[in-house]
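Q: I would like the atomic coordinates for the input below:
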Amino acid sequence: MKLFYSIIALFICLVLVAQESKELEGVVIQGKTLSLPFNKTSQDVQIITKEQIKAMPASSIEEVLSYYSGIDIRQRGAHGVQADVSIRGSSFEQVLILINGIRMNDSQTGHNTMNLPLDLASIERIEIIKGPAARRFGQNAYAGAINIVTRPSTKNDLTISGSLGDFNTTSLGASLNVSGKKFSQFIQAETSQSDGYRYNTDYQVKNVWYQNQYKLNGGELRLQGGFIDKKFGANGFYSSPLAKDQYEAIQTSLVSIGWNQKSGKFKWESNAYWRRSQDEYIFERHNPSKYRNLHIGNNAGIEANTNYSFSLGITGVGLDFRKEYLSSNNLGKNHRTVYFAFLEHRFMFFKNRLDITPGISFSDYSDFGNFWYPGIDIGYSINQQNKLFANLGKTYRVPTYTDLNYTDPVTEGNTNLKPENALSYELGYRLNHKNIKTTISLFRRESRKSIDWTKDSEEGKWKPENISRINTDGVEVDFNYSFTALFIKSINLGYTYLDKNLKYSDRAYSRYSLDNLRHQLVVKVEHKLLKNISNQIIYRYNDRVNLDDYHLLDDRLMYQTNHLQLYIQMTNILNTKYTESNLVPMPGRWIQGGVIFKNFL
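A: Predicted coordinates:
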């Protein structure tokens with residue numbers, strides 16, 4: 001009750017100080033059909049800009065996301081080599097990842113979702129949608145969606161970067177922007193490697209990313225493609241923490257071509273895409289013949305989305321068709337066909353102060369049948385700075401092929417699994433006033449037939465089951481204050497509290513359902529020391545349900561001019577001992593330094 005009154009008091013204070021709005025300039029949230037300015041959305045949406053990423057003590061996308069409350073990154077090892085992402089206590093299978101709207105989730109396993117073929121230098125911004133998004137995006141958008149947006153620059157420039165760090169960690173990258181009157185294109189490549197912070201945690205990662213945009217006949221033709229090759233020692237990552245000699249080599253490719261056009265009141269967007277993944281797992285690195293898995297997946301699809309604006313609002317319609325294939329020496333040969341369609345309409349009332357967006361989606365899976373999933377978003381703008389919003393939606397997820405078919409000495413799949421589903425509610429408030437930005441959200445997710453790996457005894461095999469019921473209640477607060485002409489440039493505070501209840505499960509052990517964060521606090525403070533020198537320090541407190549709580553402190557000091565950036569960063573300054581997943585010890589204090597040189601051509 002005290003928490004409730006505190007939130008109400010904070011809400012009243014923030015409304016009283018609001019006089020003038022200042023939106024996130026140029027930021028439009030990319031929905032499937034309804035792309036809206038940040039302040040017009042009626043969901044809890046978070047934007048991470050290129051400038052924010054540049055200031056963080058982060059070497060990977062996973063590390064960037066870990067600095068935002070409500071996002072739980074469970075890493076096995078350093079620098080996002082292997083990481084799972086969760087939103088508001090979800091499993092790693094229940095979050096949709098997109099690159100420029102193209103889905104990257106893997107039908108083999110969600111453990112491979114974050115193998116993305118680009119680096120931080122390629123990113124324009126990251127859009128995080130928290131809460132139900134399945135009615136717009138389909139499978140995997142169970143608890144939310146993360147869209148990584150890249151965009152070629154309108155300037156011609158060449159960028160070269162390099163870094164050195166502890167444990168013989170190095171990276172070298174280069175990118176090139178070339179633009180003309182009707183086109184712009186971008187290509188980036190990077191290689192990074194490390195000896196690892198303990199036995200068999202070395203890694204080598206190579207990636208390349210290309211993007212081209214060409215204006216043609218009143219529209220825009222878009223081509224993008226990328227490839228990542230990742231090899232790493234996986235000491236205790238899977239199976240048992242005692243399995244010290246595991247090794248994994250993963251490749252992911254993405255190619256897509258798209259067309260968008262606006263004609264009068266119509267806006268049209270279409271894409272054709274192909275994603276390939278290859279995952280080789282070896283139980284004993286120096287004895288591959290003892291136990292080896294090889295999985296090769298191919299997902300190919302086409303999608304078309306359109307919206308029509310008229311006096312009664314905006315109507316959006318979308319269609320998606322894709323084929324998913326997997327060939328594996330463990331999971332067998334699998335394939336499925338997926339049809340997805342959705343319809344939504346945004347109504348505006350009372351001089352555009354009240355917006356109501358009902359929608360519904362239909363999915364048909366060749367192996368699981370069809371599903372209808374409705375939802376509604378409602379927003380009310382108190383004034384230009386303050387907005388109340390609420391949403392309700394039903395979401396779903398079908399089992400992965402690992403859930404269904406995986407077998408090894410300690411694991412057994414379950415071909416009788418049913419799709420899991422949930423009904424999610426959210427009530428929120430957003431303030432965007434001059435140098436203050438705040439979002440407060442209360443939410444609940446009622447999951448049914450939730451999929452989790454369980455076992456009856458310590459000696460038993462892990463097997464996925466449909467658990468009858470998991471209810472997740474939570475509150476989330478994000479507060480940002482930007483200073484002017486002061487030593488402190490900005491302060492950001494994010495806090496998430498989760499209360500997760502598992503009901504009607506008679507299993508003694510659960511692998512994933514109760515490994516969420518109960519309390520999560522993130523405090524970011526950015527300083528401007530001198531004209532070209534800035535510093536950001538980030539404090540995190542994580543209290544996980546089934547593990548000890550811990551404190552982390554990271555820092556990045558940066559010198560920057562128009563052509564040059566020098567930085568030194570230190571992660572886990574306190575040298576905290578902690579784990580995030582599968583009892584894998586995470587790195588202690590780690591120092592890195594680097595240089596980025598940009599030449600305008």
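Q: so which strand or helix has S253?
A: strand 247-263 (DSSP states H and E).
Q: Parallel or antiparallel, list what pairs with the helix or strand following that strand.
A: Using DSSP H and E, the next helix or strand after strand 247-263 towards the C-terminus is strand 266-282. Note on strand 266-282: by DSSP bridges, its sheet partners are strand 247-263 (antiparallel), strand 292-310 (antiparallel).
Q: Any idea which of these gets closest to N156?
A: strand 247-263 (23.8 Å; C-beta to C-beta). Any C-beta I mention is one placed from the backbone N, CA and C, and that applies to glycine too.
Q: could you pull out the strands for the stretch 1-150 of the chain?
A: 28-29, 36-37, 44-49, 71-75, 83-87, 95-99, 102-103, 123-130, 144-150 (DSSP state E, counting those that start in this stretch).
Q: Could I get those in CSV, plus columns for mean pLDDT, distance to Q204 and mean neighbour count?
A: Shown next, in CSV, are the strands of the stretch 1-150 of the chain (pLDDT from 0 to 100; distance: least, C-beta to C-beta, whole Å; neighbours: other C-beta atoms under 10 Å):
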stretch, mean pLDDT, distance to Q204, mean neighbour count
strand 28-29, 58, 36, 17
strand 36-37, 64, 41, 16
strand 44-49, 92, 27, 19
strand 71-75, 96, 17, 24
strand 83-87, 96, 17, 24
strand 95-99, 94, 22, 24
strand 102-103, 94, 26, 23
strand 123-130, 94, 22, 21
strand 144-150, 93, 23, 23
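Q: In CSV: those, plus distance to D549.
A: Formatted as CSV, those follow (distance: least, C-beta to C-beta, whole Å):
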stretch, distance to D549
strand 28-29, 34
strand 36-37, 38
strand 44-49, 24
strand 71-75, 14
strand 83-87, 17
strand 95-99, 23
strand 102-103, 34
strand 123-130, 23
strand 144-150, 24
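Q: From the centroid of this structure, which residue is nearest?
A: Nearest residue to the geometric centre of the chain (C-alpha atoms, centre = their mean): I146, 3.9 Å.
Q: For stretch 565-580, which outside residues touch it?
A: For stretch 565-580, contacts defined as C-beta atoms under 8 Å, 6 or more residues apart in numbering pick out 54, 57, 63, 73-76, 542, 544, 547-548, 550-560, 585-598.
Q: Mind checking which of those land in helices?
A: Among those, the members found in helices (DSSP state H) are 54, 63.
Q: Please spell out the PyMOL selection for the buried subset of the contacts of stretch 565-580.
A: Typed into PyMOL, the line below selects the buried ones among the contacts of stretch 565-580, using 16 or more other C-beta atoms under 10 Å:
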select buried, resi 54+57+63+73+74+75+76+542+544+550+552+553+554+555+556+557+558+559+560+585+586+587+588+590+592+594+596+598
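Q: worst-scoring helix or strand of the chain, pLDDT-wise?
A: Ranked by mean pLDDT, DSSP states H and E, the weakest helix or strand in the chain is helix 2-17, scoring a mean of 42.
Q: quick one: G413 and E324, what's the gap?
A: G413 sits 17 Å away from E324, taking C-beta to C-beta, to the nearest Å as the criterion.
Q: That should have said A341, apologies.
A: 17 Å.
Q: How about V522?
A: Separation of V522 from E324 (C-beta to C-beta): 36 Å.
Q: ok, the closest residue to K449 other than its chain neighbours - how many residues close by?
A: Nearest non-adjacent residue to K449, counting by C-beta to C-beta, 6 or more residues apart in numbering: N466, 4.3 Å away. Using other C-beta atoms under 10 Å, N466 has 17 neighbouring residues.
Q: Please apply the same query to N370.
A: Residues lying near N370 (other C-beta under 10 Å) number 9.
Q: Assumed it was part of a strand.
A: Yes: counting by DSSP: H, G, I helix; E, B strand; the rest coil, N370 is located in a strand.
Q: I'd say it and S363 touch.
A: Yes: counting by C-beta atoms under 8 Å, N370 sits close enough to S363 to count as a contact (6.3 Å).
Q: Which of the strands of the stretch 1-150 of the chain sits closest to R336?
A: Within the strands of the stretch 1-150 of the chain, the stretch nearest R336 is strand 102-103; the backing value is 14.4 Å (C-beta to C-beta).
Q: Show me what the closest one pairs with in its sheet, parallel or antiparallel.
A: strand 95-99 (antiparallel).
Q: can you list contacts of the strand it pairs with?
A: Contacts with strand 95-99, where a contact means C-beta under 8 Å, 6+ apart, come from 85-87, 103-105, 110, 113-114, 116, 118, 133, 137-148, 150, 224, 226, 254.
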